[in-house]
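**Q** model this:
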Amino acid sequence: MNEYVSVTVWKHSKPIDWADMQEMLTEVINQPDAQKGTTVRWFEIDENTHGSVLTYPSKEAFENHTARIEAHRKESSEELGITLIDKHDGVIRAEGSN
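**A** The predicted structure follows:
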């Protein structure tokens, strides 16, 4: 297993509009320069806070995408009034599903 994950938590200045969030995510993930093999999941923590889980096919894919995603995060943070409050990255070492 060589997948790489980036987990973040974001605080919004206003309650989250999930329809707008889905529209934005769909637009971003379908751009021609989006990292192939990446999955993105956003989840609600409370009405003003969301978490994000990005899974990349490899650490190299994550590293190749880092500059682009960091620029996008900075831009969207300023535009949307959101603040990154926690971030963790790492290689997936164990997994389970049924």
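**Q** switch to C-alpha atoms for all contacts and neighbour counts from now on
**A** Fine.
**Q** pLDDT-wise, which helix or strand of the protein ranks last?
**A** When each helix and strand of the chain is scored by mean pLDDT, DSSP states H and E, helix 59-80 comes last, with a mean of 80.
**Q** got the buried residues for the helix or strand just after that one?
**A** Downstream of helix 59-80, the first helix or strand assigned by DSSP states H and E is strand 82-91. Of all the residues in strand 82-91, those buried under the rule 16 or more other C-alpha atoms under 10 Å are 82-84.
**Q** quick check: angle from the least confident helix or strand of the chain to strand 82-91?
**A** Per axes from the mean of the first three to the mean of the last three C-alpha atoms, to 10 degrees, the angle that helix 59-80 makes with strand 82-91 is 170 degrees.
**Q** other residues contacting helix 59-80?
**A** 2-4, 12, 35, 56, 82-84, 91 (C-alpha atoms under 8 Å, 6 or more residues apart in numbering).
**Q** just put those residues in CSV and tack on distance to residue 44 and pLDDT.
**A** Output for the contacts of helix 59-80, formatted as CSV (distance: C-alpha to C-alpha, whole Å; pLDDT from 0 to 100):
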residue, distance to residue 44, pLDDT
2, 27, 78
3, 24, 90
4, 22, 93
12, 11, 94
35, 24, 79
56, 21, 92
82, 14, 91
83, 15, 91
84, 14, 90
91, 24, 92
